[in-house]
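[1] 3D, please:
(one chain, ligands or ions: 1)
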Amino acid sequence: MGIELSILSGIWGVIIGSFLNVVIYRVPQEKSIIRPGSHCTACGHNLRPWELVPVLSFLILRGRCVQCQEKISWRYPLIEVLNGVLYFYAAWMNHNGSFLQLGVNFYFLSTLLALAAIDWDTCRLPDVFTLPLLGVGIGAGFLLPQGPSGWESLATALGVGGVFWLITRLYPEGMGLGDIKLIAGLSAFLGFPEVLIAIFIASFTGSIGGLIMLSFKKRSFREQIPFGPYLVLGGWAVFFWGQIILSFYDSLF
Ligand SMILES: [Zn+2]
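    All right, here's what the predicted structure looks like:
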């Protein structure tokens with residue numbers, strides 16, 4: 001798509017990113033994502049409209065609550081900007097896809113972002129995100145021309161998801177069931193063999209990330225290290241650059 005639509009998509013992405021922050025914070029606590037309105041998590045101060053502008057409010061407030069001066073996490077603007085960049089790039093790459101396709105792509109990218117953040121915080125990948133991801137992935141396969149066909153989506157989700165489910169039965173200390181459902185969702189969206197590249201990237205970046213976490217003592221050996229954020233990294237990489245990675249791989253043999 002043209003640069004204007006891509007920039008508009010990026011701005012839309014930042015706004016949706018602001019909503020994602022609410023979802024990421026509240027869904028694991030099983031709180032409503034609509035009520036109450038946004039407020040400071042330290043003092044309960046209700047945010048006024050000018051304090052709710054994505055990124056800008058954070059900069060103007062210098063990352064602190066107006067009322068209690070408690071620091072606001074830099075992760076809020078980071079997630080907003082990241083979601084905006086993802087939408088911009090998805091629109092820019094959407095050469096012959098429809099607006100419906102673009103909407104589905106936005107859904108895919110943002111659901112992955114929410115899952116990565118929630119898994120990072122809580123070591124859980126809630127079904128309310130992973131199962132719809134799987135459903136929309138298969139539905140998009142049947143309804144939209146881009147990406148794998150419906151039957152390929154279904155077969156990849158069952159096949160690859162099934163194999164990794166068996167692996168967790170044999171080695172329960174490895175991945176959790178949430179990871180399997182996320183892999184099934186990625187399978188439906190990316191198809192075969194693309195999803196295997198995503199899992200490979202996840203394992204590779206996950207081992208590096210795990211080592212870094214251990215060396216900074218952010219997490220101990222005993223603690224669970226979430227795999228979801230790395231699966232998301234792999235999913236995004238293959239979504240944007242899957243064809244390039246595959247043709248590079250082919251050129252090696
Ligand atoms: Zn406050």
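
[2] need phi/psi at the closest residue to the ion within the stretch 101-250 of the chain.
    When CB to the ion is the measure, the stretch 101-250 of the chain has its nearest residue to the ion at Asp121, with 20.2 Å between them. Glycine gets a C-beta too; all of them are placed from N, C-alpha and C. For Asp121, the backbone dihedrals (degrees, to the nearest 10) come out as phi -70, psi -40.

[3] next: His39.
    The main-chain torsion angles of His39 are listed as degrees, to the nearest 10 and equal phi -150, psi 160.

[4] show the pLDDT at Ser220.
    pLDDT, Ser220: 63.

[5] same thing with Leu113?
    At Leu113 the predicted local confidence, pLDDT, stands at 98.

[6] and it, what element?
    Under the criterion DSSP states H and E, the helix or strand holding Leu113 is helix 99-122.

[7] give me the helices and strands touching that helix, please.
    With contacts taken as 3 or more CB pairs under 8 Å, 6 or more residues apart in numbering; DSSP states H and E, helix 99-122 sits against helix 3-26, helix 75-93, helix 127-143, helix 177-190, helix 228-251.

[8] and this structure, which residues reach the ion?
    Cys40, Ala42, Cys43, His45, Cys65, Gln67, Cys68, Glu70 (CB under 5 Å from the ion).

[9] distance to Leu109 and pLDDT added to those, as CSV?
    As requested, the residues of the chain next to the ion are exported to CSV (distance: CB to CB, whole Å; pLDDT from 0 to 100):
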residue, distance to Leu109, pLDDT
Cys40, 29, 91
Ala42, 31, 90
Cys43, 33, 92
His45, 32, 93
Cys65, 30, 94
Gln67, 34, 92
Cys68, 34, 93
Glu70, 31, 93
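
[10] could the residues you listed be laid out in CSV, adding secondary structure, distance to Phe216 and neighbour count?
    Below are these laid out as CSV (DSSP: H, G, I helix; E, B strand; the rest coil; distance: CB to CB, whole Å; neighbours: other CB atoms under 10 Å):
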residue, secondary structure, distance to Phe216, neighbour count
Cys40, coil, 29, 18
Ala42, coil, 26, 13
Cys43, coil, 31, 12
His45, coil, 33, 16
Cys65, coil, 28, 19
Gln67, coil, 33, 14
Cys68, coil, 29, 11
Glu70, coil, 25, 13
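
[11] mind putting those into TSV with distance to Gly234?
    As requested, these are arranged in TSV below (distance: CB to CB, whole Å):
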residue	distance to Gly234
Cys40	35
Ala42	35
Cys43	39
His45	39
Cys65	36
Gln67	41
Cys68	40
Glu70	35
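
[12] out of these, the closest to Leu112 would be?
    Distance ranking of the residues of the chain next to the ion against Leu112, using CB to CB, places Cys40 first at 28.1 Å.

[13] give me every residue that touches the residue nearest to Cys68 when sequence neighbours are not counted.
    Here the nearest residue to Cys68 in space, its sequence neighbours aside, is Cys43; by CB to CB, 6 or more residues apart in numbering that works out to 3.8 Å. Taking CB atoms under 8 Å, 6 or more residues apart in numbering as the contact definition, Cys43 lies against Cys65, Gln67, Cys68, Glu70.

[14] what distance do you get for Cys43 to Ile167?
    In this structure, Cys43 and Ile167 are separated by 47 Å, where distance is defined by CB to CB, to the nearest Å.

[15] again, but for Phe240
    Taking CB to CB as the criterion, Phe240 is separated from Ile167 by 27 Å.

[16] neighbour count winner among these two?
    Set side by side, Phe240 and Ile167 give different neighbour counts by other CB atoms under 10 Å, the larger being at Phe240 (16 against 13).

[17] chain neighbours aside, what residue packs nearest to Val134?
    Residue 134: Leu, not Val. Distance criterion CB to CB, 6+ apart; nearest residue to Leu134, sequence neighbours excluded, is Gly185 at 4.4 Å.
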